[in-house]
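Trainee: Any chance you can model this:
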Amino acid sequence: MVVNRPEHARSESDALFPAGYHPDHVSKRYVIGITGASGSVYGVRLIEVLLSMGYSVHLVISNAGWRVLKEELDWTASSREEMLSEHFGSLPGKLVYHSFSDIGASIASGSFRVKAMIIIPCSMGTLANIAGGTSSNLMTRAADVMIKEERKLVIVPRETPLHAIHLENMLKLARMGVSIIPAMPAFYYRPQTLEDAVDFMVGKVLDILDIEHHLFERWGNNSE
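Mentor: Sure thing, here's the model as predicted:
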């Protein structure tokens, strides 16, 4: 928190940061994109976990993503902000919802600093647009910003089988430093429920973001 002082007593930090701003705020901001790929539960669970930890989440959901949320989780796509409030409103973190078509949103600019962006799940169409540098909507523009600003971009593709174009696009992005985490749950920790499998994938995303968690049992912990 920046403390207000008389003008003659302003410190260097006061001059650098406006009232109400603190550099730590940037480290608490994450962008999450949910596309029309199957597996919307992964994105919903990641939002829940980040908000529960007190992080700020800037959320973008494609029109196809809303369709999948309806089909897979029975969300009402016609009452979007009400659904978000119902599912996340009680959590301590801050949720900022951006329209998919709002190309002028804060996250469309590199001057708006965030820690990382995660597209979970990511469709092959969205992945192809990002690999091709096409910024036709807020999701792909925000991803393009992450790459050009050399910030962390994490993509969780959900498709099977994969053909050569899918694989080539992933390779292209990986060579640019994008983290690719396919939605491939593990079984060595013996998940008992579907929620366990979902938490494993969300935990792998948190690992790449260097966020401590206890969503699954790590291999070798019992031998220490």
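
Trainee: which residues in the chain form strands?
Mentor: Applying DSSP state E to the chain gives strands spanning 29-34, 56-61, 94-98, 116-122, 152-157, 179-180.

Trainee: would you turn these into CSV with mean pLDDT, mean neighbour count and distance to E168?
Mentor: Where you see a C-beta, it was placed from the backbone N, CA and C, and this is true even at glycine. Below are the strands of the chain laid out as CSV (pLDDT from 0 to 100; neighbours: other CB atoms under 10 Å; distance: least, CB to CB, whole Å):
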stretch, mean pLDDT, mean neighbour count, distance to E168
strand 29-34, 98, 26, 21
strand 56-61, 98, 23, 25
strand 94-98, 97, 17, 30
strand 116-122, 98, 27, 15
strand 152-157, 98, 24, 13
strand 179-180, 98, 17, 12
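
Trainee: can you put the ones you listed in a markdown table and add distance to L194?
Mentor: Converted to a markdown table, the strands of the chain look like this (distance: least, CB to CB, whole Å):
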| stretch | distance to L194 |
| --- | --- |
| strand 29-34 | 18 |
| strand 56-61 | 22 |
| strand 94-98 | 24 |
| strand 116-122 | 15 |
| strand 152-157 | 17 |
| strand 179-180 | 23 |
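
Trainee: Quick one: closest of these to Y42.
Mentor: Judged by CB to CB, the one of the strands of the chain that comes nearest to Y42 is strand 116-122, at 5.0 Å.

Trainee: Need the CA coordinates for the closest one. PDB is fine.
Mentor: Taking Å, rounded to 0.1, in the frame of the first residue of the first chain, the C-alpha atoms of strand 116-122 are listed here in PDB:
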ATOM      1  CA  ALA A 116       1.000 -15.200 -16.900                       C
ATOM      2  CA  MET A 117      -1.800 -16.300 -19.200                       C
ATOM      3  CA  ILE A 118      -3.200 -19.800 -19.300                       C
ATOM      4  CA  ILE A 119      -5.600 -21.100 -22.000                       C
ATOM      5  CA  ILE A 120      -7.300 -24.100 -20.500                       C
ATOM      6  CA  PRO A 121      -8.600 -26.000 -22.400                       C
ATOM      7  CA  CYS A 122      -7.200 -24.700 -25.700                       C
END
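
Trainee: counting contacts, what elements does it pack onto?
Mentor: Here strand 116-122 touches strand 29-34, helix 40-52, helix 138-148, strand 152-157, going by 3 or more CB pairs under 8 Å, 6 or more residues apart in numbering; DSSP states H and E.

Trainee: May I have the strands that pair with it, each with its orientation?
Mentor: Note on strand 116-122: by DSSP bridges, its sheet partners are strand 29-34 (parallel), strand 152-157 (parallel).

Trainee: Turn those into a markdown table, including distance to F112.
Mentor: Below are the strands paired with strand 116-122 laid out as a markdown table (distance: least, CB to CB, whole Å):
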| stretch | distance to F112 |
| --- | --- |
| strand 29-34 | 9 |
| strand 152-157 | 15 |
